[in-house]
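1. here is a sequence with its predicted model. Questions after.
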Amino acid sequence: MAKIKVTLVKSLIGRKKDHIATASALGLNKIGKTVEHDETPQIRGMVNKINYLLKVEEV
């Protein structure tokens, strides 16, 4: 299964509560934090929801 590396590049301050919750569910709580996830439809949907806050790379 493919993996993706997700990095939070913008602040969560002032964002919608569901966008903050989505970032938290991905394991992102500070700017610059990077996590790796398997590329599943669920993870891809969460990434697409808050893509304006993230940098995504294929691993």
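-> All right, it came through fine.
2. can you tell me the helix or strand for the closest residue to I43 other than its chain neighbours?
-> Once flanking residues are discounted, I43 sits nearest to H37: 4.7 Å by CB to CB, 6 or more residues apart in numbering. Every C-beta, even on glycine, is put in place using the N, C-alpha and C of the backbone. Using DSSP states H and E, H37 sits in strand 34-38.
3. quick revisit: got a list of what the residue nearest to I43 touches?
-> Applying CB atoms under 8 Å, 6 or more residues apart in numbering to H37 gives the contacts 3-4, 6, 26, 43.
4. from G14, how far out is it?
-> 25 Å (CB to CB, to the nearest Å).
5. and H19, how far from N29?
-> Relative to N29, and taking CB to CB, H19 is found at 13 Å.
6. actually, I13.
-> 12 Å.
7. ok, the two, which is more surrounded?
-> Remark: of I13 and N29, N29 carries more neighbours, 11 against 6, as counted by other CB atoms under 10 Å.
8. still on that earlier bit, show the subsequent helix or strand relative to the strand holding H37.
-> Defined by DSSP H and E, the subsequent element after strand 34-38 is helix 41-49.
9. which residues does that next one contact?
-> Identification of contacts with helix 41-49 by CB under 8 Å, 6+ apart yields 4, 6, 19, 22, 25-26, 37, 54, 56.
10. who wins for most neighbours among those?
-> V6 (24 neighbours).
11. show me what the helix or strand hosting that residue is packed up against.
-> Using DSSP H and E, V6 falls within strand 3-8. The contact analysis (3 or more CB pairs under 8 Å, 6 or more residues apart in numbering; DSSP states H and E) places strand 3-8 against strand 34-38, helix 41-49, strand 54-58.
12. cool, thanks, signing off.
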